[in-house]
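Engineer: here is the input, now give the coordinates:
(one chain, ligands or ions: 1)
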Amino acid sequence: MIKKVLVANRGEIAVRVMRSCREMGIHSVAVFSDADRSSMHVRYANEAYHIGPSPSTESYLDQNKIIEVAKKTGADAIHPGYGFLSENATFSQRCKDEGIIFIGPDKEVIATMGDKITARETMIKSGVPVVPGTNTDLNTDELALKTVAEIGLPVMLKASAGGGGKGMRLVKDEKDILSSLRSAKSEALASFGDGTVYVEKFIANPHHIEFQILADQHGNVIHLCERECSVQRRHQKVVEETPSPLMTEKIRQEMGEYAVAAAKSVNYVGAGTIEFLVDNDLNYYFLEMNTRLQVEHPITERVIGIDLVKEQIRVAQGEKLSMKQEDVVQKGHAIECRIYAEDPDNNFMPSPGVIKHLTEPLGLGVRQDGYVYEGFEIPIYYDPMISKLIVWGNNRDEAIQRMRRALYEYKITGIKTSIKFLEKIMETPDFISGKYDTGFIEKNDTFLFEKRKCDSDCLDISMIVAMVDYQKRLKNTLNQDVSSNGESGWKKFGKKTSMNRF
Ligand code: MV4
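Structural biologist: I've put the predicted structure just below:
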């Protein structure tokens, strides 16, 4: 039985993992860099150890230091979260060699899925549909021209070691094939130390739909339905929801079965995600597999009614899955918005700094996975995501309205955030109708970035200040609290708030 888990991560995901540990009576060990001395995960953990300077290469990516802390503290297991060492095959093996449970799959599985060509080959062998294309390196000009001619333009050139858009080139014109190949190869070599590039047919305006899977050490594999992740900006997910507005019950069952087959083909153990590209005619193709917990896992947790981190820990200590496929039913609708410390009015430039005022949304159907607090300084060294706002509703319309309400309640000053931008997405007709694909942000550019007539955020903040000041003055002069006279204080000030936009 696992009694102590070292969480090899920071930020919201470190806190989220420790929460499940606490519910399971498992002690948590935090590791932290210079910049994270006063981070929430350090305060939340049962024990915390400094592992190095702020850059992640010298702290959260330093395998030696992390394993050293695990051994020193007697941790039975390491949870890697997402990012950092979560999909590092060497790290998985090193933990094993040291007698520490890596909460994630074995080295071989991570390596197979990390290499996109091997992943494609594995899927083809087990009958999972992949995007039409090839599984060999385009290592000569002749081969490249011949292959592209066979597949037919337009095509996507992709780095085998890539993922997330790096080393990827769209080729529409015959004259661009060789120059695009060269730039894809050099980008791949520079980013991954591997210039292997293969080719796929280009799927225009696809949906990004992924299936959550869970597998135990006894050969049981289930899928927990899909997440629609098509609202993306520069290969960064912005909003995720489940169920997907595009999905039908028939396609869900088919894709779910393929997702299970994909996991079985590599004897997968743990939580994983099978990503698909889906076109508007509901043709679907395997894209890649992520061998870790995903950022957007909470929407699945809410609609299926499961704790994926608990499940990961149980499976890691040899227990059987707590659910059977026939128990998996989607109840209602969940949406997640990622809140970034970024300025949407300035090309999403990161906006680090000290949080001055923070009011987090609460109430029915709202979950907020964050880690910042008033006075906390967001470090410049890491991903600028500060929290995830997850709402649930009985149906999609209720979930959207609840998200708008929760975003309205969310007040952060001291830094710029993406909250206003997310509010705008929730008002976009294409989002409300559910008719959107990965081209959503580009297509709705004018609407999403139009200057507001009234800057609701500033107005709301000035209202808080005015209210507090008004109450103080009244208390002083009348020696009574205005909010106790039965009338809403907001009404006195609330001439025009962003609630009017509902
Ligand atoms: C594609 C594609 C169209 N056709 N492959 C982008 C990130 C990487 N993981 C795969 N990506 C794509 N691969 C073929 N054959 C379009 C994309 C793509 C995309 C995919 C998912 C979500 C957002 C996207 C945005 C632009 C392009």
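Engineer: buried sites along stretch 63-75?
Structural biologist: Of the residues in stretch 63-75, 65-67, 69-70, 75 count as buried by neighbour count, 16 or more other C-beta atoms under 10 Å. For every residue, glycine as well, the C-beta is placed using N, CA and C.
Engineer: which one of the residues you listed is nearest to the ligand?
Structural biologist: Each of the buried residues of stretch 63-75 was checked against the ligand using C-beta to the nearest ligand atom; the closest is residue 66, at 27.7 Å.
Engineer: report pLDDT for that closest one.
Structural biologist: The predicted local confidence for residue 66 comes out at a pLDDT of 98.
Engineer: report pLDDT for the closest residue to residue 428 other than its chain neighbours.
Structural biologist: The shortest distance from residue 428 to any non-neighbouring residue, by C-beta to C-beta, 6 or more residues apart in numbering, is to residue 444 (5.2 Å). You'll see residue 444 listed with a pLDDT of 98.
Engineer: ok, now residue 280?
Structural biologist: As summarised for this prediction, residue 280 has a pLDDT of 86.
Engineer: now it: phi and psi?
Structural biologist: For residue 280, the backbone dihedrals (degrees, to the nearest 10) come out as phi -70, psi -20.
Engineer: check contacts around it.
Structural biologist: The neighbourhood of residue 280, defined by C-beta atoms under 8 Å, 6 or more residues apart in numbering, consists of 205, 437.
Engineer: and the strands in the stretch 51-200 of the chain?
Structural biologist: Using DSSP state E, counting those that start in this stretch, the strands of the stretch 51-200 of the chain run over residues 77-79, 101-102, 155-159, 169-171, 197-201.
Engineer: and the ligand, is the longest strand along the chain touching that?
Structural biologist: Longest strand of the chain, by residue count under DSSP state E: strand 221-233. Yes: Strand 221-233 is in contact with the ligand by C-beta under 6 Å from any ligand atom, via residue 232.
Engineer: what are the buried residues along that strand?
Structural biologist: By neighbour count, and taking 16+ other C-beta under 10 Å as the criterion, the buried residues in strand 221-233 are 221-233.
Engineer: quick one: distance of it to the chain centre.
Structural biologist: Averaged C-alpha coordinates place strand 221-233 at 10 Å from its chain's average position (C-alpha atoms, centre = their mean, to the nearest Å).
Engineer: next: stretch 214-221.
Structural biologist: On the basis of C-alpha atoms, centre = their mean, stretch 214-221 sits 24 Å off its chain's mean C-alpha point.
Engineer: what of stretch 229-244?
Structural biologist: The chain centroid and the centroid of stretch 229-244 are separated by 9 Å, computed with C-alpha atoms, centre = their mean.
Engineer: who's in contact with it?
Structural biologist: Looking at stretch 229-244 with C-beta under 8 Å, 6+ apart, the contacting residues turn out to be 164-165, 206-210, 225-228, 252, 295-296, 299-300, 303, 330, 333-338, 348, 396, 399, 418, 422, 425, 431, 436-438, 440-441.
Engineer: returning to that earlier point: between the buried residues of strand 221-233, which is closest to the ligand?
Structural biologist: The shortest separation between the ligand and any of the buried residues of strand 221-233 is 4.4 Å, and it belongs to residue 232 (by C-beta to the nearest ligand atom).
Engineer: just the terminal-to-terminal distance for stretch 298-309.
Structural biologist: For stretch 298-309, the first-to-last residue distance is 10 Å (C-alpha to C-alpha, to the nearest Å).
Engineer: between the buried residues of strand 221-233, which is closest to residue 156?
Structural biologist: The shortest separation between residue 156 and any of these is 15.8 Å, and it belongs to residue 232 (by C-beta to C-beta).
Engineer: where along the stretch 251-400 of the chain do the helices fall?
Structural biologist: Chain-ordered helices for the stretch 251-400 of the chain, with DSSP state H, counting those that start in this stretch as the definition, fall at 297-304, 308-316, 396-409.
Engineer: what's the closest of those to residue 2?
Structural biologist: Set against residue 2 and scored by C-beta to C-beta, the helices of the stretch 251-400 of the chain come closest in helix 308-316, at 6.1 Å.
Engineer: how far is the closest one from where the chain is centred?
Structural biologist: When distances are taken as C-alpha atoms, centre = their mean, helix 308-316 is centred 18 Å away from the chain's centroid.
Engineer: report all helices and strands that that helix contacts.
Structural biologist: Judged by 3 or more C-beta pairs under 8 Å, 6 or more residues apart in numbering; DSSP states H and E, helix 308-316 is in contact with helix 11-23, strand 77-79, strand 207-215, strand 270-278, helix 297-304.
Engineer: the ligand is nearest to which of these?
Structural biologist: Scanning the helices and strands packed on helix 308-316 with C-beta to the nearest ligand atom as the criterion, the closest one proves to be strand 207-215, at 3.7 Å.
Engineer: and the closest one, what's buried?
Structural biologist: Neighbour-count burial for strand 207-215 flags 207-215 (criterion: 16+ other C-beta under 10 Å).
Engineer: average pLDDT for it, rounded please.
Structural biologist: For strand 207-215, the mean confidence score works out to 98.
Engineer: buried set for stretch 26-36?
Structural biologist: By 16+ other C-beta under 10 Å, the buried positions in stretch 26-36 come out as 26-33, 35-36.
Engineer: surely residue 448 is within a strand?
Structural biologist: No: counting by DSSP: H, G, I helix; E, B strand; the rest coil, residue 448 is not found in a strand; it is helix.
Engineer: around the closest residue to it other than its chain neighbours, how many other residues sit close by?
Structural biologist: Of all residues not flanking residue 448 in the chain, residue 424 sits nearest, at 5.1 Å (C-beta to C-beta, 6+ apart). Summarising burial for residue 424: neighbours were counted as other C-beta atoms under 10 Å, giving 20.
Engineer: show me what contacts the closest residue to the ligand within the stretch 1-150 of the chain?
Structural biologist: For the stretch 1-150 of the chain, the residue positioned closest to the ligand under C-beta to the nearest ligand atom is residue 131, at a distance of 4.4 Å. Remark: with contacts taken as C-beta under 8 Å, 6+ apart, residue 131 is in contact with 156, 200-201, 203, 277, 285-287.
Engineer: any idea how far residue 43 is from residue 425?
Structural biologist: Shown here: residue 425 relative to residue 43, a distance of 32 Å by C-beta to C-beta, to the nearest Å.
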